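Here's my sequence, what's the structure:
(2 chains)
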Amino acid sequence: MTIRRAALAGALALTRAELADMFQYRVVLFLYSLWEVVHPIVYLAVWGAIAGEGEVGGLRLSDFAAYYLTFMLVSHVTAAIEIYTFGPMIQQGQLSPHLLRPMHPVWVAAARNISYKSVSMLLLIPVWIGLVIILRPSFTVTPGSVALFLVALVVAALLSFLVGTTFALLAFWTTRSFSFWEIWIGLTFLLGGQVAPVELLPGFVQNLATALPMRYTLGFPIEVLLNRLDAGELALGFAIQFAWLIAAALVVRAVWRAGIRQYSAVGA
Amino acid sequence: MPPDVSVRDLVKHYVVPERAGGLRASFRSVIRRKHRLVRAVDGISFEVDRGEVVGFLGPNGAGKTTALKVLSGLLHPTDGQVDVLGFTPWDRRAEYLSRITLIMGQRQQLFWDLPAADSFLVNKAVFGIDDAVYKRTVDLLTELLDLGDLLTKPVRQLSLGERMKVELAAGLLHTPRVLFLDEPTIGLDVTMQQRIREFVTAYNAETGATVLLTSHYMADVKALARRVIVIDQGQLLYDGALNGLVQRYAPHKTITVHLEREADLPDLNGQAEILSVEGLQVTVRAGKDDAPEVTGRLLTQLPIADLSVEDPPLEEVIEQVFRGEGP
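Sure thing, here's the model as predicted:
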């Protein structure tokens, strides 16, 4: 077996082991997932109160319900957890054993990401189905929008993972990488389609949201699924999303290289 | 055959931030940070041939671990050249990492909540070990380390010693050709230390692997390494046979004589110190250079039944080397 294939097989084996490990923490995972369920409900309640029986910017209560119920799943799939999983590994010197394996340590972060999400998704789905029955959202989906949604979702998850990894890698230089991460969280809250769907943001803020990467880790796949975008907006959206994905990959690579130089200069 | 490990003028300096304790110092360090240069390794050179077992000796902070980290590829050196199996370690090429292992007494590469067998399977995949070889290696390691059913218990339920054995096995699954062992017996009880030592000896004999180990248990080094490299404050003090170390650094010899009958001791000119007189047995200590003369005088002036000249224990010699008292 060649080394490269071994690395891939290694990543798979690692994911399997991480999955098994993750099952040890069912209760904790359930509580985390519960939080992910609850916070979109809060936004939904607020927008529901504003919309009442009427509309806000063309969206009715059932549209908000569809948006935030989709949000629940998308935010779960695209959540970046690397600041909690990978960052501490770097800080506490646990990276060394992984650096001595013929496999890139970023795979460790990826394996943990995938296994965390797979296990907690199992817990989230029943709750989500219950909410769909109660809230009666109007899902305006089509087969085409579902197909495009899946693409947008995968790219969003990758982009989010790379962004999360970049912030986690700051642990090579500072013990306060969380502060930087908070900025990203704040911007995503405002511009990512979290506090409000991007289409409801005032003009120039909406342009900002369209240009910056946050929307492409969260709001964009939701808009794609629910057919909120016309052909032009779709094309532009995907173009920008892919561009940010490539940019993020380059940034991670550069930060990793600089970080590992720093790590091996100062002491592992 | 070229040596497995070749180190030339290796230098590794760290810059570490430094400040005194207390709030005031804390504030001051926000404005202006002080830094200190630590010369962890300061120009050492040595070579290790295939199959050799070499012990790195030195007090805490001598640079042993830093040297091993450079050799295994975790650290970039500040200067100097290192060649291990034809590779430059810090490039961390996959081909290189598949041929070496670094086992650190306090590092943990196993999944805490899972049986070690699961972590083993990850390593099997990562290192691309095929099934037959994997099975053979696990069998060999299970036998040599007496792993029994340890592999199927969650790692968190293992004792420190058991975990160390399993860690060791995990680090050797890919049958590395060069082993870097950093304090492999730290924190273990005497029996377990003994067990690990026997294992390293057996593994070396079985596979012909090259072993570099650090330890501050003299017993480890005595049992394992015929050759030692002593470093202190980043510099190489001695490189050679273990018994040569004693010959070179032992400051004195202990001379024990058994007399045939009671006799007055001769004047030793202050060249020797009488340690004990018990019946007909007299023990004196003489400086290394004075020892032949003292021995001669004792032999000619006393009715000797038996005489022996001994080196002091290795521990004592090492301690003296570390205190910086040269030969």
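
Next, count neighbours for residue A:252.
By other CB atoms under 10 Å in any protein chain shown, 20 other residues sit near residue A:252. All C-beta atoms are positioned from the backbone trio N, CA, C, and that covers glycine.

For it, which three-state class applies?
Three-state call for residue A:252 (DSSP: H, G, I helix; E, B strand; the rest coil): helix.

Surely it and residue A:165 touch.
Yes: look at residue A:252 against residue A:165 with CB atoms under 8 Å: they come within range, at 5.4 Å.

which residues do those two both contact?
Counting by CB atoms under 8 Å, 6 or more residues apart in numbering or on different chains, the common neighbours of residue A:252 and residue A:165 are residue A:106.

in the stretch 201-327 of chain B, which segments are predicted with low confidence?
Applying pLDDT under 70 to the stretch 201-327 of chain B picks out residues B:324-327.

Residue of it closest to chain A, please.
residue B:234 (13.9 Å; CB to the nearest CB).

what's the closest non-adjacent residue to that residue?
Once flanking residues are discounted, residue B:234 sits nearest to residue B:42: 3.4 Å by CB to CB, 6 or more residues apart in numbering or on different chains.

Parallel or antiparallel, list what pairs with the strand or helix carrying that neighbour.
According to DSSP states H and E, residue B:42 maps onto strand B:34-48. Take DSSP bridges as the rule and strand B:34-48 pairs in its sheet with strand B:5-18 (antiparallel).

The partner strand: which residues count as buried?
Using 16 or more other CB atoms under 10 Å in any protein chain shown as the test for burial, strand B:5-18 gives B:5, B:6, B:7, B:10, B:11, B:12, B:13, B:14.

Give me the phi and psi for the residue most central in space within chain B.
The centre of chain B sits closest to residue B:214, judged by CA atoms, centre = their mean, with a distance of 2.8 Å. Main-chain dihedrals, residue B:214, degrees, to the nearest 10: phi -110, psi 150.

And the contacts of stretch B:104-114?
Contacts of stretch B:104-114 (CB under 8 Å, 6+ apart): A:17, A:20-21, A:24, A:94, A:96-98, B:65, B:116, B:118-119, B:122, B:154-156, B:163-164, B:166-167, B:170-171, B:182-187.

what sits against residue B:169?
Counting by CB under 8 Å, 6+ apart, residue B:169 has contacts B:116, B:120, B:138, B:141, B:142, B:145, B:147.

I'd guess residue B:101 is in a strand, am I close?
Yes: counting by three-state DSSP, one finds residue B:101 located in a strand.

Who does it form a beta bridge with?
Beta-bridge partners of residue B:101, as defined by DSSP bridges: residue B:179.

Contact partners for it?
Contacts of residue B:101 (CB under 8 Å, 6+ apart): A:100, B:72, B:171, B:172, B:174, B:176, B:178, B:179, B:180.

now chain A, which segments are flagged as low pLDDT?
A:1-4, A:265-268.

List the buried residues of stretch A:50-61.
A:51, A:56, A:59, A:60, A:61.

quick one: the second one from residue A:63, how far?
Spelled out, it's residue A:56. Here the criterion is CB to CB, to the nearest Å. By it, residue A:56 lies 9 Å from residue A:63.

Next, count neighbours for residue 183.
All of this is about chain A. Using other CB under 10 Å: residue A:183 sits among 10 other residues.

you looked at the wrong chain, it should be chain B
20.

Give me the phi and psi angles of it.
phi 50, psi 60.

what packs against the very next helix or strand once past the strand holding residue B:42?
Counting by DSSP H and E, the next helix or strand C-terminal to strand B:34-48 is strand B:53-57. Using 3 or more CB pairs under 8 Å, 6 or more residues apart in numbering or on different chains; DSSP states H and E as the contact test, the elements touching strand B:53-57 are helix B:64-72, helix B:190-207, strand B:210-214, helix B:218-224, strand B:227-232.

List the contacts of strand B:53-57.
Residues contacting strand B:53-57 (CB under 8 Å, 6+ apart): B:48, B:64, B:67-68, B:200-201, B:204, B:210-216, B:220-221, B:224-231, B:242, B:318.

what about 6 Å?
B:48, B:64, B:204, B:211-214, B:221, B:224-225, B:227-230 (CB atoms under 6 Å, 6 or more residues apart in numbering or on different chains).

again with stretch A:107-117
A:11, A:14, A:15, A:18, A:19, A:22, A:82, A:85, A:86, A:98, A:161, A:165.

thinking again about what came up before, helices - which of the contacts of stretch B:104-114 land there?
Of the contacts of stretch B:104-114, the ones assigned to helices by DSSP state H are A:17, A:20-21, A:96-98, B:65, B:116, B:118-119, B:122, B:163-164, B:166-167, B:170-171.

Make a PyMOL selection of the buried ones in those.
Those of the ones in helices among the contacts of stretch B:104-114 that count as buried under 16+ other CB under 10 Å are selected in PyMOL with:
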select buried, (chain A and resi 17+20+21+96+97+98) or (chain B and resi 65+116+118+119+122+163+164+166+167+170+171)
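
Show me what residue B:239 bridges to in the sheet.
residue B:229.

That one against residue B:227, yeah?
No: checked against CB atoms under 6 Å, the pair residue B:239 and residue B:227 is beyond contact range at 7.6 Å.

can you list the residues of chain B near chain A?
B:14, B:69, B:74-76, B:94, B:97-98, B:102, B:107, B:109, B:111, B:113-114, B:118, B:121-122, B:125-126, B:128 (CB under 6 Å from any CB of the partner chain).

is it true that residue B:275 lies in a strand?
Yes: counting by three-state DSSP, residue B:275 is part of a strand.

give the contact list for it.
B:283, B:285.

Quick check: it vs residue B:316, distance?
Taking CB to CB, one finds residue B:275 at 14 Å from residue B:316.

With residue A:124 instead?
For residue A:124, the distance to residue B:316 - CB to CB - is 66 Å.

ok, back up a step: want to throw the buried residues of stretch A:50-61 into CSV with distance to chain B?
CSV is the format used below for the buried residues of stretch A:50-61 (distance: CB to the nearest CB, whole Å):
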residue, distance to chain B
A:51, 47
A:56, 48
A:59, 45
A:60, 47
A:61, 44
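
What is the most widely separated pair among those?
A:56 and A:61 (9.4 Å; CB to CB).

Do you know the pLDDT at residue B:56?
Predicted confidence (pLDDT) for residue B:56: 88.

Relative to chain B, how far out is the residue most central in space within chain A?
Geometric centre of chain A, nearest residue: residue A:78, 2.2 Å, by CA atoms, centre = their mean. Residue A:78 sits 26 Å away from chain B, going by CB to the nearest CB, to the nearest Å.

Next, find the distance separating that residue from residue B:74.
In terms of CB to CB, residue A:78 sits 33 Å off from residue B:74.

Give me the domain ranges for chain B.
Here the domain assignment for chain B is B:5-246, B:251-310, based on automatic domain parsing.

First-to-last residue distance for the last one?
End-to-end span of domain B:251-310 (CA to CA, to the nearest Å): 12 Å.

next one: that domain to chain centre, how far?
Centroid displacement of domain B:251-310 relative to its chain, using CA atoms, centre = their mean, to the nearest Å, is 35 Å.

Can you name the residue of the stretch 101-250 of chain A nearest chain B?
For the stretch 101-250 of chain A, CB to the nearest CB, closest residue to chain B: residue A:102, 3.4 Å.

On the three-state scheme, that residue is what?
coil.

What does the residue lying closest to it once chain neighbours are set aside show for phi and psi?
Once flanking residues are discounted, residue A:102 sits nearest to residue B:94: 3.4 Å by CB to CB, 6+ apart. Here is the backbone geometry of residue B:94 (degrees, to the nearest 10): phi -60, psi -40.

And the furthest pair within the contacts of strand B:53-57?
B:204 and B:230 (21.0 Å).

The two - which one has more neighbours?
Between residue B:204 and residue B:230, counting by other CB under 10 Å, residue B:230 is the more crowded of the two (22 against 17).

Could you check how far that one is from residue B:63?
From residue B:230 over to residue B:63 (counting by CB to CB), the distance is 11 Å.
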